[in-house]
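Enquirer: turn this into a structure:
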Amino acid sequence: MATTTNITTTYAGQFAGEYIGAALLSGNTLANQLITIKPNIKLKEVIKKVDYASAIAVGTCNFDPQGTVTLTERILQPDELQVNIELCKTPFQSDWEAESMGYSAHDQLPPKFSDFFIARISADVAAGTESRIWGANGFTGLFLAAAFGTDGGTTIAPAAVTSSNVIAEMGKVVDAIPSALYGKEDLLLYVSQNVARAYVRALGGFGTFLNGEGNSGTDAKGTQWYDGGQGLTFDGVKIVVANGLADNRMVAAEKTNLFFGTGLLNDYNQVKVLDMSDLDGSKNVRFVMRYTAGVQYGIASDIVFYGA
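Expert: Residues are numbered from 1 along each chain as shown. Sure thing, here's the model as predicted:
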């Protein structure tokens, strides 16, 4: 009788963290470190931010404390998340990889497919994480939630952004940035994909406001001036595309004021491929991934959100 190899595989704790890290951190925002990543949160972490008004005063012989120091703290507590998927081996028996499954009646899922599907799950986790960072159905502590505006942040009502109005709409965001932040090295203007495209087209001469350049645009190249490699800026503020942002959304903030937390060394982490044939006699294989992730902001008044 042919010998079959059970494909059950389990990675837990910090070993699973290697796989989970590859999944979580490959999304656009995290892969490019567009926000601050805290990778080893066990349960929760207190984020402390210090702000103070000017303490400069005319010199005297005495110690005379001046200015106001404000210490704020917020809690970054990653959510516990999971992926559970079950597949039957039968559909793979007749495909081109059938030979790799073996000839026993108790065959196994093609190893190449197992590897592929784990990678696919990881890609889905990365995409889902990107959306949860910026989207409406996000992590606990979402820094774009409705409560953000009541915490001292600036919220600007959005419009449908086009190449004709993108300069004006971006201007609203940049003009709302606190003067103390303007010019800071880590200050970024996060934009959705459609806003970025509109801006590229505007600079290519397709916006009605570019009277001086007409239809030829920057360097008389139309949209061909931009190949995606060079960075975009607006009024001296670096622009980055946050793929998880919904259309017609922008955020101006320091990357050091926006935080993503996970626990790559957490015991909760788990990546498992479970062959059910030895457990319940079925021909099913289960894929399991457990991990933690969450977001938080530091000082709301230092963030401008263009959106509802």
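Enquirer: now do the longest helix along the chain: which elements does it pack against?
Expert: Looking across the chain with DSSP state H, the single longest helix is helix 111-134. In terms of contacts (3 or more C-beta pairs under 8 Å, 6 or more residues apart in numbering; DSSP states H and E), helix 111-134 is packed against helix 13-24, helix 28-31, strand 79-88, strand 270-275, strand 284-297. No exception for glycine: its C-beta is placed from N, CA and C like everyone else's.
Enquirer: between these, which one is closest to Ala253.
Expert: In terms of C-beta to C-beta, the element of the helices and strands packed on helix 111-134 nearest to Ala253 is strand 284-297, at 7.5 Å.
Enquirer: mind listing what that closest one pairs with, with the direction of each?
Expert: Next to strand 284-297 in the sheet, as set by DSSP bridges, lie strand 79-88 (antiparallel), strand 258-261 (antiparallel), strand 270-275 (antiparallel).
Enquirer: which of the ones you listed sits closest to Ala300?
Expert: Nearest of those to Ala300, taken as C-beta to C-beta: strand 258-261 at 11.0 Å.
Enquirer: tell me which residues are up against the closest one.
Expert: Here strand 258-261 makes contact (C-beta atoms under 8 Å, 6 or more residues apart in numbering) with 29-30, 35-39, 41, 45, 47, 76-78, 133, 143, 292-298, 303.
Enquirer: report the rounded mean pLDDT for that strand.
Expert: Per-region confidence: strand 258-261 scores 91 on mean pLDDT.
Enquirer: ok, back up a step: buried among the contacts of strand 258-261? Need that as a selection in ChimeraX.
Expert: Entered in ChimeraX, the line below selects the buried ones among the contacts of strand 258-261, by 16 or more other C-beta atoms under 10 Å:
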select :29,30,35,36,38,41,45,47,76,77,78,133,143,292,293,294,295,296,297,298,303
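Enquirer: for the nearest residue to Gly231 once chain neighbours are set aside, grab the count of nearby residues.
Expert: Excluding the flanking residues, the one nearest Gly231 by C-beta to C-beta, 6 or more residues apart in numbering is Lys238, at 6.1 Å. Lys238 sits with 15 neighbouring residues when counted by other C-beta atoms under 10 Å.
Enquirer: what's the spacing between Lys238 and Thr154?
Expert: 19 Å (C-beta to C-beta, to the nearest Å).
Enquirer: same thing with Val166?
Expert: For Val166, the distance to Thr154 - C-beta to C-beta - is 19 Å.
Enquirer: the two - which one has more neighbours?
Expert: Legend: neighbour count by other C-beta under 10 Å for Val166 and Thr154, higher for Val166 (26 against 18).
Enquirer: check the more buried one and give its pLDDT.
Expert: 96.
Enquirer: where does it fall, phi/psi-wise?
Expert: When read as degrees, to the nearest 10, the backbone of Val166 gives phi -60, psi -40.
Enquirer: I'd say it and Val200 touch.
Expert: No: when contacts are counted by C-beta atoms under 8 Å, Val166 is not listed as touching Val200 (9.3 Å).
Enquirer: the helices and strands packed on helix 111-134: which one's closest to Ala196?
Expert: When the helices and strands packed on helix 111-134 are compared by C-beta to C-beta, helix 28-31 sits nearest Ala196, at 11.7 Å.
Enquirer: helices or strands next to the very next helix or strand once past the closest one in the packing?
Expert: The helix or strand immediately downstream of helix 28-31 is strand 36-38, counting by DSSP states H and E. If contacts are counted by 3+ C-beta pairs under 8 Å, 6+ apart, strand 36-38 sits against strand 258-261.
Enquirer: any low-confidence regions in the stretch 101-250 of the chain?
Expert: Filtered on pLDDT under 70, the stretch 101-250 of the chain yields the residue ranges 101-114, 116, 136-138, 140-150, 205-230.
Enquirer: show me the helices in it, by range?
Expert: In the stretch 101-250 of the chain, the helices defined using DSSP state H, counting those that start in this stretch lie at 111-134, 147-150, 166-175, 193-201.
Enquirer: mind listing what's buried along stretch 65-84?
Expert: Neighbour-count burial for stretch 65-84 [16+ other C-beta under 10 Å]: Arg74, Leu76, Gln77, Pro78, Asp79, Leu81, Val83.
Enquirer: JSON lines for those residues, including distance to Ser192 and pLDDT?
Expert: JSON lines is the format used below for these (distance: C-beta to C-beta, whole Å; pLDDT from 0 to 100):
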{"residue": "Arg74", "distance to Ser192": "25", "pLDDT": "83"}
{"residue": "Leu76", "distance to Ser192": "24", "pLDDT": "88"}
{"residue": "Gln77", "distance to Ser192": "27", "pLDDT": "87"}
{"residue": "Pro78", "distance to Ser192": "25", "pLDDT": "88"}
{"residue": "Asp79", "distance to Ser192": "24", "pLDDT": "88"}
{"residue": "Leu81", "distance to Ser192": "24", "pLDDT": "88"}
{"residue": "Val83", "distance to Ser192": "26", "pLDDT": "89"}
